[in-house]
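Student: Got a sequence here, can you model it:
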Amino acid sequence: MTSTAHRATQHVPEPVIAGADPRLYNDDLAPVPQNARTWNGYSIFAMWMSDVHSVGGYTFAASLFLLGLSGWQVLAALTLGILLVNLLMNWVGKPSLVHGIPFPVMARVSMGVMGANLAAVIRGVVGIVWYGVQTYFASKAVATLVLLFFPGAVALRDASFLRLDLLGWACFMFMWFFQLVIFQRGMETIRQFVDFCGPAVYVVMFVLMGWILSQAGLGALDLTLGDKVLTGSESVTAMGSAVLLVVSYFAALLLNFGDFSRFGKNERQMRIGNFLGLPVNFIVFSIITVIVTAGSSRVFGAMIMDPVEIVSRIDNKLAVVIGSLTFVVATMGINIVANFVSPAYDIANLFPRHVDFKRGGLIASILAVLVCPWIFVDSPKAITVFVSVFGSILAPLYGVMMADFYLVKKQVVQEAELYTMAPTGRYHYDGGWNKVGLAALALSGTLSIGWELATQFFHLLPENNFGWVIGALAGAAIYLAAMRAARRT
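Tutor: Next up is the predicted model:
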């Protein structure tokens, strides 16, 4: 079976777009012809398995305990959050599915044919940072293997550079280079990795859960692990924050899911794939995460939120090797799906005459090193802040695009107009930029990012993670009001 990553980047027949401007058009940005839209429900389900089953996903879910919630509350929040994500993902996937266009091209509808470059940069930067973060998570599993077979390598941890010790640097660059080699070998090699990732992690996680339960005993699990005692109102706020953190975790793909849905056969298949891959798959994975995290407190005397560390503590060298290698491969899977495809398209959209999909991915991988991603997630608390802040950055763009497509454009997109620089073009607006969209993005972004800064860094507001919903709703409302005031449709 052809994998999602392979299908997303395979060459398809170039459709004829009369008058297409080379500044806006190449093979990778062109609409996918109907006969090349081969994804069914399972294809999308497999994509979500690769996305969800990662060390980063596990650590994020486990970190929700730090909000002061019990295991049952964490599970409830994860369930509510992923149901909301499923709805939002169906909304953003539909226009790209109907017209066969990737996210940066769809952004031209609301931001203008040139303004979409700003949207591509915003999404591309987040994807590049996430790419580095996931590579860092995978490198920790590599470090576990190195120390298992070469205990003397622990001496490399005595020196550091840019807040990462030398062992960490060596393992990070190994993972970075290994992924780059795989990417450059072609999408068929990538396909073999992605098809293996999701199921492999399920096997390891089920085994890990069974081992935890055998050591702790089912009756000994204590699902109240946080060190906070919350009142009733505080619990409601914490639950709301947890729900919205789940949405923020998927904020990047809530923008560029169209990069994948454009290959879907029809909307029904997309909805089936999303339901199986998001609510069903995510909830099962979350149950395992909650049990393993809760059990780790009983078995090791402290709550451990990193599955790689749990695996490293198992007194069985073969189990450590299998577990660590599986998490390495799984993290490569999410990097391909969430953090390689999108920046590659986004960078190609900036320079379509000079940069294709593969070159865009190469550029993204190089930039991922330069941002020193380990700084963003150097503690369990840091990852929740990281997810929340980046969600608040992306949310306004989601609100603007959805308000434009469903409420302003009434789901009508003129494909040929997406590829013309003619001043009379439908999406030319103000010299290629929709100033209304830019203003709405700036105002709503100021609100959402300011909210997160006031909450997470300056502590001027009670602890919460409402930045995404504030940004999305503000973006939609401001854009809709401004477009109507400007009498634009």
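
Student: Tally up the residues packed near the nearest residue to A486 once chain neighbours are set aside, please.
Tutor: By the measure of Cβ to Cβ, 6 or more residues apart in numbering, the closest residue to A486 outside its immediate chain neighbours is V436, 5.4 Å from it. Any C-beta I mention is one placed from the backbone N, CA and C, and that applies to glycine too. Residues contacting V436 under the criterion other Cβ atoms under 10 Å number 25.

Student: V436 reaches R487, doesn't it?
Tutor: No. Contact criterion Cβ atoms under 8 Å: V436 and R487 do not qualify, at 10.5 Å.

Student: circling back: would the residue nearest to A486 count as being in a helix?
Tutor: Yes. Remark: V436 belongs to a helix, assigned using DSSP: H, G, I helix; E, B strand; the rest coil.

Student: What is the helix or strand F327 falls within packed up against?
Tutor: Per DSSP states H and E, F327 falls inside helix 317-334. Secondary-structure packing of helix 317-334 (3 or more Cβ pairs under 8 Å, 6 or more residues apart in numbering; DSSP states H and E): helix 41-52, helix 55-63, helix 116-149, helix 166-185, helix 187-216, helix 307-312.

Student: Can I get it in CSV? Just the C-alpha atoms.
Tutor: Taking C-alpha atoms only, helix 317-334 is exported to CSV below (Å, rounded to 0.1, in the frame of the first residue of the first chain):
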residue,chain,number,x,y,z
LYS,A,317,18.9,-4.8,27.5
LEU,A,318,16.9,-6.3,24.6
ALA,A,319,13.7,-4.5,25.8
VAL,A,320,15.7,-1.2,26.0
VAL,A,321,17.0,-1.6,22.5
ILE,A,322,13.7,-2.5,20.9
GLY,A,323,11.8,0.3,22.8
SER,A,324,14.4,3.0,22.0
LEU,A,325,14.7,2.1,18.3
THR,A,326,10.9,2.1,18.0
PHE,A,327,10.6,5.6,19.4
VAL,A,328,13.4,6.8,17.1
VAL,A,329,11.5,5.5,14.1
ALA,A,330,8.1,6.8,15.4
THR,A,331,9.5,10.3,15.9
MET,A,332,10.8,10.2,12.3
GLY,A,333,7.3,9.4,11.2
ILE,A,334,5.8,12.5,12.8
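
Student: what's the average pLDDT for it?
Tutor: On average, the pLDDT along helix 317-334 is 79.

Student: hmm, back to that, out of the helices and strands packed on helix 317-334, which is closest to A348?
Tutor: Among the helices and strands packed on helix 317-334, the nearest to A348 by Cβ to Cβ is helix 116-149 (8.9 Å).

Student: how far out from the middle of the chain is the helix holding F327?
Tutor: Averaging C-alpha positions (Cα atoms, centre = their mean, to the nearest Å) puts helix 317-334 20 Å from its chain's average.

Student: Going by neighbour count, list what's buried in stretch 388-399.
Tutor: Residues of stretch 388-399 classed as buried: S388, V389, F390, G391, S392, I393, L394, A395, P396, L397, Y398, G399 (neighbour count, 16 or more other Cβ atoms under 10 Å).
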